[in-house]
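1. everything below, folded, please.
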Amino acid sequence: MTAIPHPDTSPLLLHCAVLTVSDTRTIETDRSGQVIRQLLQTANHVVQDYQILPDQPDQIRSQVLAWCQVDRLQAILLNGGTGIAPRDTTFDAIEQLLEKTLPGFGELFRWLSYPEIGSRAMASRAVAGVCQGKLIFSMPGSSNAVQLAMEKLILPELAHLVRQLHPEI
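-> Residues are numbered from 1 along each chain as shown. Now for the predicted structure:
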């Protein structure tokens, strides 16, 4: 039996930014970015900004830090670059920015991924945490992985986590 957390007392409209990290994807071919945006909008959240950047740590860091300065944003969702290939640099780019980490996100993501992809789940460096009062979620670039993370982990807890960070909301 799966435990269900207590429901949030009221819905919360959140403003989010989405960053796809890829050397090859375009707006037209970014299926994972489309999945994230669609699921956020279906959950009645606002996608305030969306970007695609190459696997360049300085560019990734700069974009995340720029979004951290946007008052209205509560969450930044990244996809891509979480493996161990030489060009997978998202984890390395944002890990040092996180003031607090949510280790359970990566642990649960890998645990949920295991039945689908087996032992390859261990290669995912999915990570989440807080940077300058913003929630940061970094997922693999596969659209299946994004859908899993969004539906099973991020969307069920997003409003609760924002309220934990900002009780005044």
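2. and the longest helix along the chain, what does it pack against?
-> Across the chain, the longest stretch assigned as helix under DSSP state H is helix 103-117. On a contact count with 3 or more C-beta pairs under 8 Å, 6 or more residues apart in numbering; DSSP states H and E, helix 103-117 meets strand 127-131, helix 143-148. Where you see a C-beta, it was placed from the backbone N, CA and C, and this is true even at glycine.
3. got the buried residues for the longest one?
-> Using 16 or more other C-beta atoms under 10 Å as the test for burial, helix 143-148 gives 143, 145-148.
4. which strands and helices sit next to that helix?
-> For helix 143-148, the packing partners by 3+ C-beta pairs under 8 Å, 6+ apart are helix 31-42, helix 103-117.
5. tell me which helix or strand comes right after it.
-> helix 155-165 (DSSP states H and E).
6. ok, the shortest one next?
-> Using DSSP H and E, the next helix or strand after strand 127-131 towards the C-terminus is strand 134-139.
7. what sits up against that following strand?
-> Residues external to strand 134-139 that are found in contact with it (C-beta atoms under 8 Å, 6 or more residues apart in numbering): 32, 64, 67-68, 73-79, 82, 90-91, 94, 97-98, 105, 109, 125-130, 145-146, 149-150, 154, 158, 161-162, 165.
8. what angle separates that strand from strand 127-131?
-> 160 degrees (axes from the mean of the first three to the mean of the last three C-alpha atoms, to 10 degrees).
9. so what's the gap between strand 134-139 and the chain middle?
-> 4 Å (C-alpha atoms, centre = their mean, to the nearest Å).
10. also stretch 67-74?
-> 15 Å.
11. cool, stretch 149-164 as well?
-> That offset, for stretch 149-164, works out to 10 Å (C-alpha atoms, centre = their mean).
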